[in-house]
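S.K.: just coords:
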Ligand SMILES: Cc1cc2nc3c(=O)[nH]c(=O)nc-3n(C[C@H](O)[C@H](O)[C@H](O)COP(=O)(O)O)c2cc1C
């Protein structure tokens, strides 16, 4: 049997026999244990022959444009392993000022027939102080990854929505010296009122507060992450705020509260669970949002495309819709850890076959390549 089928043949059936969050915790424990092995990054990258596809973006050098999306490593307990898996950058968190348990379980569901997940985790995380301690441990063990590390910032449930900016500011201050970039997450559907923070005045307040602090030589690129459920006028507002305050980029998108019509009927029980939908059924809307932001901004601000990536083609479509970098989460659950290297190999072959030196050439309206899916 070919190596690429090992996960689906042997590992996934075991993981999928467990409740989704248990499977997640088991996987994370194993990845965390692996993370502690010295030199594992070199070992695995060598073994997997991870292709280099260097990208310069937001003033940073990325070994390749495929990153880990937020929410997988909420406590940074497996930070070194993402680089070994081939990822060109990782986004850890979401982290909030205060430690919090998140919503009561069950809170993660598989929609297996459609390669999707629904979650209503509600920012379960150890809080910014403990998060900083975990990061310090990776530094002290000399296991900090060589690729850019972003930190996803959320808002604590106990912080009143009118004081949200202080929550983001606290985590930003606490974690600034570790992060290569920050993502202000105002788009998770699982914290009451959070998504109202995407509204122009509320978002301006948060962004202004963080950016006032973000001065001096240790300035960091700060991005904002948007919901796929925003209307065009609302997306245009987010874009305007991002441009006005000099944000480094926009991450599009988070999970959706909508339930798009599926090609085949899903098992009613899981698809009707409350929470944010990720994976294949999110891809179409996520790409529409990406494309809208690209067109509206005229490509003036870097976009990180995330939502529904599960193979090479869905990755290429992100670039065709204007992404400079991409991220994935749910694809990893369904396709396994080799997905990243498979995508990278595919990207390299595609670039060579089509004479593409830089994936930005795939952006809408550039150099005669197919523009959209
Ligand atoms: C269980 C779970 C937890 C998540 N937690 C976060 C989070 O804390 N912060 C965030 O910005 N996005 C979070 N996300 C959203 C992902 O980062 C990503 O935007 C979304 O899942 C779409 O990508 P995908 O289809 O590749 O999974 C989470 C997603 C899942 C499935």
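M.R.: Everything's here; your move. Because the structure is a prediction, the values reported are computed rather than measured. Numbers count the residues shown, from 1 in each chain.
S.K.: so which bits of stretch 28-35 are buried?
M.R.: Buried residues in stretch 28-35, counting neighbours by 16 or more other CB atoms under 10 Å, are found at 28, 31, 32, 35. All C-beta spots, glycine's among them, are computed from the backbone N, C-alpha and C.
S.K.: same check on stretch 337-349?
M.R.: Buried, per 16+ other CB under 10 Å, within stretch 337-349: 337, 338, 339, 340, 341, 342, 343, 344, 345, 346, 347.
S.K.: so how far is it off the chain centroid?
M.R.: Computed by CA atoms, centre = their mean, to the nearest Å, the chain-centroid distance of stretch 337-349 equals 17 Å.
S.K.: same question for stretch 319-335.
M.R.: For stretch 319-335, the distance to the chain centre is 8 Å (CA atoms, centre = their mean).
S.K.: anything in that stretch near the ligand?
M.R.: Yes - with CB under 6 Å from any ligand atom as the criterion, the ligand is reached by stretch 319-335 at 328, 329, 330, 331.
S.K.: the residue in the chain that the ligand sits nearest to: neighbouring residues, count only.
M.R.: Closest residue of the chain to the ligand, CB to the nearest ligand atom: residue 71 (2.1 Å). By the criterion of other CB atoms under 10 Å, residue 71 has 26 neighbours.
S.K.: same question, residue 324
M.R.: By other CB under 10 Å, the burial measure for residue 324, its neighbour count, is 23.
S.K.: for it, list the residues it contacts.
M.R.: Contacts for residue 324 (CB atoms under 8 Å, 6 or more residues apart in numbering) come out as 55, 57, 65, 249, 302, 303, 304, 359, 360.
S.K.: please redo it, this time with the cut-off set to 7 Å
M.R.: 57, 302, 303, 360 (CB atoms under 7 Å, 6 or more residues apart in numbering).
S.K.: out of those residues, what pair is the most spread apart?
M.R.: Spanning the widest gap among these are 303 and 360, at 11.1 Å by CB to CB.
S.K.: looking at the two, which has the bigger crowd around it?
M.R.: residue 303 (28 against 18).
S.K.: enumerate the residues of the chain near the ligand.
M.R.: 69-71, 93-94, 108, 117, 119, 121, 123, 152, 154, 185, 188, 225, 254-255, 278-279, 282, 306-309, 328-331.
S.K.: returning to what we had before: tell me the pLDDT of the residue of the chain closest to the ligand.
M.R.: Note for residue 71: predicted pLDDT of 98.
S.K.: now for residue 40, how many residues are close by?
M.R.: Counted with other CB under 10 Å, residue 40 comes out at 16.
S.K.: isn't it up against residue 33?
M.R.: No - the criterion here is CB atoms under 7 Å, and residue 40 misses it with residue 33 at 10.1 Å.
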